[in-house]
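A.B. asks: Predicted model, plus sequence, below.
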Amino acid sequence: MKIPLVYMGIGIGILLVIGAFFLFPLHASTTPPISLLLTAQNSHFNQTNPPLLVSVDKLVELTVQNQDYPGVLHNLVISGLGVKTQTFLKPGETETLQFTPKRIGKYIYSCQLHPGMMEGEFVVTAKK
């Protein structure tokens, strides 16, 4: 029994595609990002400027909300990591920052318009 060349070509093509998946598997990250929320209100983040703990080389999604009085602007800067909101947030506005810390250490997060009142520690620890 002779197999037409078309069917042989299709079979070879299927084998090549299957082989490619074994040689170059798709790497979808199954680790969810570390999700953090900072709410700016009454000259503090989350009422107490709490320390934020994350792991090195893990994706962080940090959402910043301004829930302050009308006319009071806020932003967020994490000194030493090059992370900051794009603009000063008006009351009711939110911005989510995505970044992956590459260095272990203690950093300071703050609002540039309210230094000293709105700042806390951002701690990057070794992988767990």
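C.D. replies: Thanks, I have it.
A.B. asks: Quick one: the helices in the protein, in order.
C.D. replies: Listed in chain order, the helices of the chain (DSSP state H) span 5-23.
A.B. asks: Read off the pLDDT value for the closest residue to M118 other than its chain neighbours.
C.D. replies: Counting by CB to CB, 6 or more residues apart in numbering, the nearest residue to M118 once its immediate chain neighbours are dropped is C111, at 3.9 Å. Any C-beta I mention is one placed from the backbone N, CA and C, and that applies to glycine too. Here, the pLDDT recorded for C111 equals 98.
A.B. asks: What of L15?
C.D. replies: For L15, the pLDDT comes out at 45.
A.B. asks: Same question for the one 5 residues further on.
C.D. replies: Per-residue confidence at A20 stands at 47 (pLDDT).
A.B. asks: mind listing what the residue nearest to M118 touches?
C.D. replies: C111 makes contact with 40, 45, 74-77, 117-119, according to CB atoms under 8 Å, 6 or more residues apart in numbering.
A.B. asks: now these as CSV including pLDDT, neighbour count and distance to T94?
C.D. replies: Listed next are those as CSV, based on pLDDT from 0 to 100; neighbours: other CB atoms under 10 Å; distance: CB to CB, whole Å:
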residue, pLDDT, neighbour count, distance to T94
A40, 98, 25, 10
F45, 98, 25, 14
H74, 98, 26, 11
N75, 98, 20, 12
L76, 98, 24, 11
V77, 98, 18, 17
M117, 97, 13, 21
M118, 98, 22, 16
E119, 97, 17, 20
